[in-house]
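Peer 1: Sequence and predicted model, in that order:
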Amino acid sequence: MMSSSEVDRPRPQRWLQGAGEPIFDVLPETILANTRHPRSENALLWNSLYPRLWPGRPLSDFMAIRPLWGTREVAFSDEDLRPFFWGYSVDGQRLPELDDSLDAVDGAGPQTEVDLFLVGPSQLVLVEAKHTSRLGRCSRYGAGRCPEVQARADGHLDACRYWDDGAAQFVQDLNLDRPIPEGPPPACNRHYQLARSLRLGGHLAANTGRTLHLWLLAPRRIWAPQLQGDWIDFADRVRQADVWRRMRVIAWEDVSQLPSI
């Protein structure tokens with residue numbers, strides 16, 4: 001049961017539609033706080049997609065969009081997809097099995113935050129949305145704290161769970177070389193955000209018997225200069241051809257042309 005402080009907390013001022021929906025009583029404060037930023041990707045995601053997705057939209061509507069990257073020759077089961085923004089439905093329900101998959105993949109540390117899940121009876125779509133920012137890299141590696149390459153004070157190295165823990169291993173999905181001390185910057189640093197999303201999606205899809213799709217949503221103006229190189233390098237590393245075929249990059253501008261439901 002939610003406390004009175006949770007129920008009565010102020011709704012974000014930047015939300016243009018649906019401010020009374022129950023999702024705002026359960027969203028983590030970190031997500032709500034992001035909406036106060038002038039370039040909030042969270043606010044853009046909600047304002048653009050809430051009226052176009054809720055309570056559901058056919059997968060075929062998205063597959064009809066010409067992607068910025070991706071093949072159109074994809075076999076899929078057309079069905080209505082229900083949106084879960086940051087893992088929550090508009091009526092405030094948590095995506096079933098998501099927390100179990102987060103625990104299995106990410107463990108006790110900071111957990112993967114996917115912007116949008118689109119869920120149907122047999123299909124699972126993970127959507128990473130970018131507005132002005134680049135794809136996320138590994139903060140520990142960037143700070144010189146990668147356990148694979150940065151020795152502790154006693155001279156020993158630790159192991160990173162994304163290399164050693166069975167459910168979390170990036171190499172289940174991607175062709176990657178393990179980081180080594182004094183080696184070149186590892187690809188797991190460059191592709192950290194997408195690799196975590198793909199691993200989470202693979203685990204969740206397997207646990208729920210659904211077919212996995214991974215999409216990137218980005219404005220045309222930043223696709224080529226900021227995102228294209230990283231996305232293509234990541235996609236080229238995907239091990240499973242059927243997963244690769246279901247990866248797509250879609251322009252914000254095209255999604256915004258979908259009529260409201």
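Peer 2: Perfect, thanks for sending it. Numbers count the residues shown, from 1 in each chain.

Peer 1: Residue 34 and residue 27: what is the separation?
Peer 2: As defined by CB to CB, to the nearest Å, residue 34 lies at a distance of 10 Å from residue 27. For every residue, glycine as well, the C-beta is placed using N, CA and C.

Peer 1: And residue 230, by the same measure?
Peer 2: Distance from residue 230 to residue 27, by CB to CB: 28 Å.

Peer 1: Dig out what the nearest residue to residue 246 once chain neighbours are set aside forms beta bridges with.
Peer 2: Among residues not flanking residue 246 along the chain, residue 213 sits closest, at 4.3 Å (CB to CB, 6 or more residues apart in numbering). Counting by DSSP bridges, residue 213 is bridged to residue 125.

Peer 1: ok, residue 213 touching residue 128?
Peer 2: No - counting by CB atoms under 8 Å, residue 128 is not a contact partner of residue 213; they are 11.7 Å apart.

Peer 1: out of these two, which sits in the more crowded spot?
Peer 2: The neighbour comparison of residue 213 against residue 128 (other CB atoms under 10 Å) goes to residue 213, with 25 against 22.

Peer 1: give me the element residue 37 is part of.
Peer 2: Using DSSP states H and E, no element contains residue 37; it sits outside every helix and strand.

Peer 1: Now do the same contact list for it.
Peer 2: Residues in contact with residue 37 (CB atoms under 8 Å, 6 or more residues apart in numbering): none are found.

Peer 1: Next one: it relative to residue 131, how far apart?
Peer 2: Between residue 37 and residue 131 the distance, using CB to CB, works out to 10 Å.

Peer 1: swap in residue 57?
Peer 2: Distance, residue 57 to residue 131, by CB to CB: 21 Å.

Peer 1: Would you mind pulling up the elements that the helix ranked longest in the chain packs against?
Peer 2: Of all the segments of type helix in the chain, defined by DSSP state H, the longest one is helix 192-208. The contact analysis (3 or more CB pairs under 8 Å, 6 or more residues apart in numbering; DSSP states H and E) places helix 192-208 against helix 98-106, strand 123-129, helix 161-164, strand 211-218, helix 228-236.

Peer 1: If you average the pLDDT over the second one, what comes out?
Peer 2: Per-residue pLDDT values across strand 123-129 average out to 97.

Peer 1: Return the list of helices and strands in contact with the helix or strand following it.
Peer 2: Using DSSP H and E, the helix or strand that follows strand 123-129 in sequence is helix 139-142. Applying 3+ CB pairs under 8 Å, 6+ apart, we find helix 139-142 packed against helix 187-190.

Peer 1: Centre of the chain to the helix it packs on, how far?
Peer 2: 16 Å (CA atoms, centre = their mean, to the nearest Å).

Peer 1: same question, stretch 215-235
Peer 2: 14 Å.

Peer 1: Regarding it, how distant is the last residue from the first?
Peer 2: In stretch 215-235, first residue to last residue: 11 Å (CA to CA, to the nearest Å).

Peer 1: and it, which residues are buried?
Peer 2: 215-219, 222-223, 226-227, 230-231, 234-235 (16 or more other CB atoms under 10 Å).

Peer 1: For those residues, please prepare TSV with the additional fields distance to residue 255 and pLDDT.
Peer 2: TSV is the format used below for those (distance: CB to CB, whole Å; pLDDT from 0 to 100):
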residue	distance to residue 255	pLDDT
215	10	98
216	12	98
217	7	97
218	10	96
219	10	95
222	15	95
223	13	97
226	18	96
227	16	98
230	21	98
231	17	98
234	21	98
235	20	98
